[in-house]
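Asks: let me see the structure of the following:
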Amino acid sequence: MLAEMGVGPVWTARHASAPGVDARVDQLAGGEVDSIAGPAHAAVATAEVAAGSVAGFAAEVATDYATVAVSRQASPAGLDWAALQQAVAGCTACGLCSTRKNTVFGVGDRKASWLFVGEGPGRQEDLQGEPFVGPAGQLLDNMLKALGLQRGGNAYIANIVKCRPAAADGRDRPPSEEEIAACLPFLERQVELLQPTVIVALGKVAAVSLLGLPADTPVGSLRGTLHSYRDRPLVVTYHPAYLLRQPADKAKAWRDLCMALTAHAAAG
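Replies: Numbering: from 1, shown residues only. The predicted structure is shown next:
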């Protein structure tokens with residue numbers, strides 16, 4: 001009869017449908033669809049509801065599968081330095097992979113007792129594949145020298161995220177919470193491999209990410225206190241890029257570095 005009316009068969013999935021789908025189809029077929037004139041319209045509407053529900057269920061499954069795949073990809077536990085760097089280079093765990101030029105793994109002495117953690121790569125870092133280049137990098141190098149350190153000499157430099165976060169207008173922006181969550185396992189593994197004596201968080205994003213604090217926590221409330229990350233002393237100070245804009249706060253940053261130096265000596 002349906003064929004004679006040009007409706008065609010109504011297909012029913014053999015597997016169990018998504019929760020609530022059958023009940024919704026029954027509701028529409030027996031209630032709301034009655035308002036549509038004629039049984040043929042009811043059959044068509046029921047078929048459309050069923051097809052749409054199955055399609056929606058398939059989309060949910062695909063989304064869940066992608067989430068699991070990302071979760072597995074972003075679990076670098078047990079990787080050595082070489083394998084970890086390869087994992088970072090091929091990472092697609094968040095949308096930043098689609099716009100990056102280079103991943104920025106980190107740089108420095110892999111047996112260093114000092115770890116400096118920034119926010120994320122900027123334009124120049126993205127182009128060169130190394131953290132803290134340009135004016136902010138030069139200032140960080142001067143901060144290292146003041147501590148008796150140097151890039152590659154008892155100091156390792158990394159970021160919370162390994163790819164550059166860029167706004168729609170092309171400017172640098174802070175990473176989102178989702179981007180941080182996707183990338184943080186790589187830094188956590190770097191910490192496990194490095195086993196630093198002290199960690200210096202450069203700026204708010206690095207500080208709140210490592211300490212698990214709300215994103216709107218001001219840096220000023222975290223300075224002057226010796227924190228702990230995985231049983232290691234952590235000191236919060238200003239990001240070098242901020243200090244370039246606010247040079248008057250360099251004196252405060254020096255006090256933070258002195259605290260880190262004292263913590264390093266005590267832990268060592």
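
Asks: who's in contact with residue 116?
Replies: Neighbouring residues of residue 116 by CB atoms under 8 Å, 6 or more residues apart in numbering: 140, 144, 155-158, 199-200, 202. Using the backbone N, CA and C atoms, a C-beta is placed for each residue, glycine as well.

Asks: so which of these is the closest to residue 131?
Replies: residue 157 (5.1 Å; CB to CB).

Asks: surely that closest one is within a helix?
Replies: No: assessed by DSSP: H, G, I helix; E, B strand; the rest coil, residue 157 does not belong to a helix; its assignment is strand.

Asks: can you give me the neighbour number for it?
Replies: Using other CB atoms under 10 Å, residue 157 has 26 neighbouring residues.

Asks: tell me the pLDDT at it?
Replies: pLDDT recorded at residue 157 is 98.

Asks: what about stretch 173-186, average pLDDT?
Replies: Mean predicted confidence for stretch 173-186 is 97.

Asks: which residues does that stretch contact?
Replies: By CB under 8 Å, 6+ apart, stretch 173-186 touches 70, 74-77, 84, 87-88, 91, 93-96, 119-120, 160-163, 165-167, 205, 209, 215.

Asks: one more time with 7 Å, if that's ok
Replies: Residues from elsewhere that reach stretch 173-186 (CB atoms under 7 Å, 6 or more residues apart in numbering): 70, 74-76, 84, 88, 93-94, 96, 119-120, 160-162, 165-167, 205, 209, 215.

Asks: how about it: buried residues?
Replies: 174-175, 179-180, 182-186 (16 or more other CB atoms under 10 Å).

Asks: circling back to that earlier point, just name the closest of the contacts of residue 116 to residue 103, please.
Replies: Among the contacts of residue 116, and counting by CB to CB, the member closest to residue 103 is residue 158, at 11.8 Å.

Asks: strands of the stretch 151-268 of the chain, start to end?
Replies: 155-159, 198-202, 227-229, 232-237 (DSSP state E, counting those that start in this stretch).

Asks: switch those strands over to a markdown table; also include distance to residue 110.
Replies: Output for the strands of the stretch 151-268 of the chain, formatted as a markdown table (distance: least, CB to CB, whole Å):
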| stretch | distance to residue 110 |
| --- | --- |
| strand 155-159 | 7 |
| strand 198-202 | 15 |
| strand 227-229 | 19 |
| strand 232-237 | 16 |
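
Asks: out of those strands, flag the one nearest residue 127.
Replies: strand 155-159 (15.0 Å).

Asks: helices and strands around the closest one, which ones?
Replies: Counting contacts by 3 or more CB pairs under 7 Å, 6 or more residues apart in numbering; DSSP states H and E, strand 155-159 packs against strand 107-108, strand 114-118, helix 177-194.

Asks: may I have that strand as CSV, with CA atoms only?
Replies: What follows is strand 155-159, C-alpha atoms only, in CSV (Å, rounded to 0.1, in the frame of the first residue of the first chain):
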residue,chain,number,x,y,z
ALA,A,155,68.0,25.2,32.8
TYR,A,156,65.1,23.7,30.7
ILE,A,157,62.5,26.0,29.1
ALA,A,158,59.0,24.7,28.1
ASN,A,159,55.4,26.0,27.7
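
Asks: buried stuff in that strand?
Replies: So for strand 155-159, counting by 16+ other CB under 10 Å, buried means 155-159.

Asks: quick one on the thing from earlier: winner for burial among the strands of the stretch 151-268 of the chain?
Replies: strand 198-202 (a mean of 27; mean count of other CB atoms under 10 Å).

Asks: average pLDDT for it?
Replies: 98.

Asks: quick one: strands adjacent to it?
Replies: strand 114-118 (parallel), strand 232-237 (parallel) (DSSP bridges).

Asks: picking that back up, now which of the contacts of stretch 173-186 would you call buried?
Replies: Among these, those classed as buried by 16+ other CB under 10 Å are 74, 76, 84, 88, 93-94, 96, 119-120, 160-162, 165-166, 205, 209.

Asks: what's the burial count for residue 249?
Replies: Counted with other CB under 10 Å, residue 249 comes out at 16.

Asks: list the residues that contact it.
Replies: So residue 249 contacts 238, 243 (CB under 7 Å, 6+ apart).

Asks: per-residue confidence at it?
Replies: Reported pLDDT for residue 249: 97.
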